[in-house]
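*Asks:* give me a 3D structure for the following:
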Amino acid sequence: MTAQPSLVMPIGGIRRMIARKMMDSLASTAQLSFTTRVDATALVATRAAWKQAGVPAGYEDLLLTAVRDTLLEYPRFNAVSTADAVHIYDEICVSVAVALDDSLVAPAMPDLRGMKLPEIVELRRALVARARANKLTLSEMSFGTFTISNIGTTRVDHFTPILNGGQVAILGIGRITPALHLGEDGGVASRPELALSLTTDHRVIDGAPSGAFLTSLAERIEGALPQVEGAL
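*Replies:* All right, here's what the predicted structure looks like:
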């Protein structure tokens with residue numbers, strides 16, 4: 001006797017489009033992922049300080065500032081590839097993955113250069129709201145130079161995000177968890193740690209610069225986030 005499925009769900013509509021784009025991405029690029037863990041003590045404290053100052057910043061907003069500054073340092077990661085060229089952009093338009101009921105979209109933020117954190121908070125919240133209301137503009141859906149995918153509200157630590165729309169890099173953000181570490185005095189203490197995963201197109205970006213990018217990003221998260229004083 002052959003078992004019969006209890007439900008058959010056709011893959012169509014936006015789900016089919018997403019599947020096709022992901023398969024095209026995997027088939028046309030040489031994707032390689034790198035992972036690390038970051039001391040999130042400063043991240044947690046900085047978010048709390050901004051919220052106390054009346055700015056409802058999320059971790060993703062603060063990470064966007066760190067990503068932007070790292071892309072300024074490593075502009076080759078702020079790029080889109082074609083069959084025979086890599087197009088590097090001055091504008092930093094980070095695509096933000098947004099999970100919907102049965103689909104996933106990654107609309108792009110406007111150029112983040114020069115933006116203060118409160119403006120990033122407002123713009124990202126508005127972008128997510130438009131995505132969930134199916135009111136994204138064509139420009140928001142058609143252009144981005146880098147992508148972040150945040151599943152930190154789940155129990156996932158590291159994952160291997162798939163490159164988006166010809167971009168050469170994408171950052172996966174995992175959860176923040178308590179972890180034991182060895183202090184400079186030799187003692188053991190607990191601190192919050194953040195898991196990050198960076199996928200790059202190995203056709204155009206080698207392992208060494210990918211490691212350098214992720215290291216620089218981690219160091220910014222640990223010690224160079226925008227502070228409340230003088231940043232409003």
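*Asks:* ok, now which ones touch the residue positioned nearest the centre of the chain?
*Replies:* With distances taken as C-alpha atoms, centre = their mean, the residue of the chain nearest its centroid is residue 148 (1.7 Å). Residues in contact with residue 148 (C-beta atoms under 8 Å, 6 or more residues apart in numbering) are 60, 63, 64, 67, 94, 95, 96, 97, 170, 171, 172, 173. Backbone N, C-alpha and C define where each C-beta goes, glycine included.
*Asks:* could you do residue 175 as well?
*Replies:* Counting by C-beta under 8 Å, 6+ apart, residue 175 touches 151, 152, 153, 154, 155, 156, 157, 194, 195.
*Asks:* one more time with 7 Å
*Replies:* Residues in contact with residue 175 (C-beta atoms under 7 Å, 6 or more residues apart in numbering) are 152, 154, 155, 156, 157, 195.
*Asks:* the residue nearest to the centre of the chain belongs to a strand?
*Replies:* Yes. Judged by DSSP: H, G, I helix; E, B strand; the rest coil, residue 148 forms part of a strand.
*Asks:* who's it bridged to?
*Replies:* Going by DSSP bridges, residue 148 is paired in beta bridges with residue 96, residue 171.
*Asks:* where's it relative to residue 188, distance?
*Replies:* To residue 188, residue 148 is 32 Å away according to C-beta to C-beta, to the nearest Å.
*Asks:* circling back: and the residue nearest to the centre of the chain, what pLDDT?
*Replies:* Looking at residue 148, its pLDDT is 98.
*Asks:* check residue 1 too.
*Replies:* Taking residue 1 on its own, its pLDDT is 58.
*Asks:* may I see the buried residues of the lowest-mean-pLDDT helix or strand in the chain?
*Replies:* Ranked by mean pLDDT, DSSP states H and E, the helix or strand of the chain with the weakest confidence is helix 13-28, at a mean of 83. Across helix 13-28, burial judged by 16 or more other C-beta atoms under 10 Å covers 18, 25.
*Asks:* what packs against that helix?
*Replies:* Contacts defined by 3 or more C-beta pairs under 7 Å, 6 or more residues apart in numbering; DSSP states H and E place helix 13-28 against no helix or strand at all.
*Asks:* mind checking what helix or strand follows whichever helix or strand residue 175 is part of in sequence?
*Replies:* Element membership for residue 175 (DSSP states H and E) is strand 169-182. The helix or strand immediately downstream of strand 169-182 is strand 188-201, counting by DSSP H and E.
*Asks:* buried set for that following strand?
*Replies:* 192, 193, 194, 195, 196, 197, 198, 199, 200, 201.
*Asks:* reformat these as JSON lines; add pLDDT and distance to residue 139.
*Replies:* Below are these laid out as JSON lines (pLDDT from 0 to 100; distance: C-beta to C-beta, whole Å):
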{"residue": "192", "pLDDT": "95", "distance to residue 139": "37"}
{"residue": "193", "pLDDT": "96", "distance to residue 139": "37"}
{"residue": "194", "pLDDT": "97", "distance to residue 139": "31"}
{"residue": "195", "pLDDT": "96", "distance to residue 139": "32"}
{"residue": "196", "pLDDT": "97", "distance to residue 139": "28"}
{"residue": "197", "pLDDT": "97", "distance to residue 139": "28"}
{"residue": "198", "pLDDT": "98", "distance to residue 139": "26"}
{"residue": "199", "pLDDT": "97", "distance to residue 139": "25"}
{"residue": "200", "pLDDT": "97", "distance to residue 139": "25"}
{"residue": "201", "pLDDT": "96", "distance to residue 139": "24"}
